[in-house]
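Visitor: need a 3D model of the sequence below.
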Amino acid sequence: MSLPARRPPDAPAFLPLRVVTPAPTPRALPRDIEAALWRGDQIGAPVTAVVPSGFAALDAELPGGGWPCGSLTELLQPQPSVAEWRLLGAAVRRVVAAGQTLVVVGPPHAPHLPGLQHLGVDARHLVWIPADRPAERLWVTEQLIRANAAGLLLSWLPQARPEQIRRLQVCAQSCDAPVFLCRPVTAASEPSAAPLRVELRFGADWELQLRLLKRKGPTHEGVLTLASVPGGLESILTPRLRQPSRLIAARQARDTLHVVGSPAPRRPAARAAVRSLAAH
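Guide: Sure, this is the predicted structure:
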């Protein structure tokens, strides 16, 4: 039988206990703060409401599934007043159907009322402010945002500076409506406080081509192609005229055959062929 080892004279009478502190459990954040936080690899959820764009593919890429309210959205395109109405048509229709007002500030051209009627916009729900000078457009836009005076605000600010955009974004955070700023595509290289920036172009077959330059979430790669025939033409375009790219390709092929030596058709016959092609 073995005896226990004797304790050395200088050893303590007892060994100190090691206190292990449990790791703190994460506490849930308030819902509004949780919504305001987002990881860089995820599409953020907006704190405010959104207005659906009417394009399922686009809503899937927008934070919250639509155009954000209480925030700026920049629409950048090579030529103004070409495609923004086609992009915003469904959102405008939804806002007007709810009895709210569409406010347009400083458009390059006067709004075309018959075309807006195809979007479901009655003249009684349209406010057009033809501000000509950049300072006037900026001032009117800021006052409308501060007063929360629109159901949807569409303003053309081609010459706005980054600090002016930042000021508008601060004001827009207390606004209930989506605010769209139409600017030239050259402004894409400038810094902007707008949380959402969209480059807008149009294709040969009536489609819209979008690049999400900035959004609350991961970088979007590639181009979104959205089918969008203007409302006034949708009922009169034939199937062939819905795809003009095929007509262009056929003409280019015919011109190529003519260059390599094929005889060129007579002009009356060529016109008859084009009319026959367009009629189908």
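
Visitor: contacting residues for the residue nearest the centre of the chain?
Guide: With distances taken as C-alpha atoms, centre = their mean, residue 198 lies nearest the centre of the chain, 4.8 Å away. Residues near residue 198 by C-beta atoms under 8 Å, 6 or more residues apart in numbering: 73-76, 210-213. C-beta: built from backbone N, CA, C; applies to glycine.

Visitor: recalculate using a threshold of 10 Å.
Guide: Contacts for residue 198 (C-beta atoms under 10 Å, 6 or more residues apart in numbering) come out as 58, 62, 67, 73-77, 84, 87, 180, 210-215, 220, 224.

Visitor: check residue 220 too.
Guide: 43, 61-62, 198, 210-214.

Visitor: do residue 87 as well
Guide: Contacts of residue 87 by C-beta under 10 Å, 6+ apart are 53-55, 58, 67, 75, 77, 180, 198, 200, 202, 208, 210, 226, 228.

Visitor: hang on, it in a strand?
Guide: No: looking at residue 87 with DSSP: H, G, I helix; E, B strand; the rest coil, it is helix, so not inside a strand.

Visitor: of the contacts of residue 198, which belong to strands?
Guide: Among the contacts of residue 198, the members found in strands (DSSP state E) are 67, 73-77, 180, 210-214, 224.

Visitor: could you find the closest non-adjacent residue to residue 129?
Guide: residue 105 (4.9 Å; C-beta to C-beta, 6 or more residues apart in numbering).

Visitor: tell me who's in contact with residue 93.
Guide: Contacts of residue 93 by C-beta under 10 Å, 6+ apart are 54, 102, 116, 118-121, 231.

Visitor: so what are the domain limits for this structure?
Guide: 45-227, 244-278 (automatic domain parsing).

Visitor: JSON lines for the ones you listed, including mean pLDDT and distance to residue 236?
Guide: Shown next, in JSON lines, are the domains of the chain (pLDDT from 0 to 100; distance: least, C-beta to C-beta, whole Å):
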{"stretch": "domain 45-227", "mean pLDDT": "92", "distance to residue 236": "12"}
{"stretch": "domain 244-278", "mean pLDDT": "59", "distance to residue 236": "12"}
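
Visitor: so which of these is nearest residue 237?
Guide: domain 45-227 (8.1 Å; C-beta to C-beta).

Visitor: report the buried residues of stretch 68-79.
Guide: 68-77 (16 or more other C-beta atoms under 10 Å).

Visitor: of those residues, just say which sits nearest to residue 146.
Guide: Among the buried residues of stretch 68-79, and counting by C-beta to C-beta, the member closest to residue 146 is residue 70, at 12.6 Å.

Visitor: burial of the nearest residue to that closest one once chain neighbours are set aside, as a residue count?
Guide: Of all residues not flanking residue 70 in the chain, residue 48 sits nearest, at 4.0 Å (C-beta to C-beta, 6+ apart). By other C-beta atoms under 10 Å, the residues close to residue 48 number 15.

Visitor: in the buried residues of stretch 68-79, find the pair that's most separated.
Guide: The distance between the two most remote of the buried residues of stretch 68-79 (C-beta to C-beta) is 23.8 Å, for 70 and 77.

Visitor: just the helices in this structure please.
Guide: With DSSP state H, the ranges of helices along the chain come out as 31-36, 56-59, 84-97, 113-118, 134-147, 162-172, 244-259, 267-278.

Visitor: and the fourth one, what's buried?
Guide: Of the residues in helix 113-118, those scored as buried under the neighbour-count criterion (16+ other C-beta under 10 Å) are 116, 118.

Visitor: one more: the fifth one?
Guide: Residues of helix 134-147 classed as buried under the neighbour-count rule (16+ other C-beta under 10 Å) are 134, 137-138, 140-142, 144-145.

Visitor: ok, the shortest one next?
Guide: For helix 56-59, a neighbour-count test (16+ other C-beta under 10 Å) marks residue 58 as buried.

Visitor: if you count contacts, what does it end up packed against?
Guide: Contacts defined by 3 or more C-beta pairs under 10 Å, 6 or more residues apart in numbering; DSSP states H and E place helix 56-59 against strand 207-214, strand 224-227.

Visitor: who touches stretch 108-122?
Guide: Contacts of stretch 108-122 (C-beta under 10 Å, 6+ apart): 79-82, 85-86, 88-97, 102, 104, 123, 125-126, 128, 130, 154, 156, 158, 182, 230-235.
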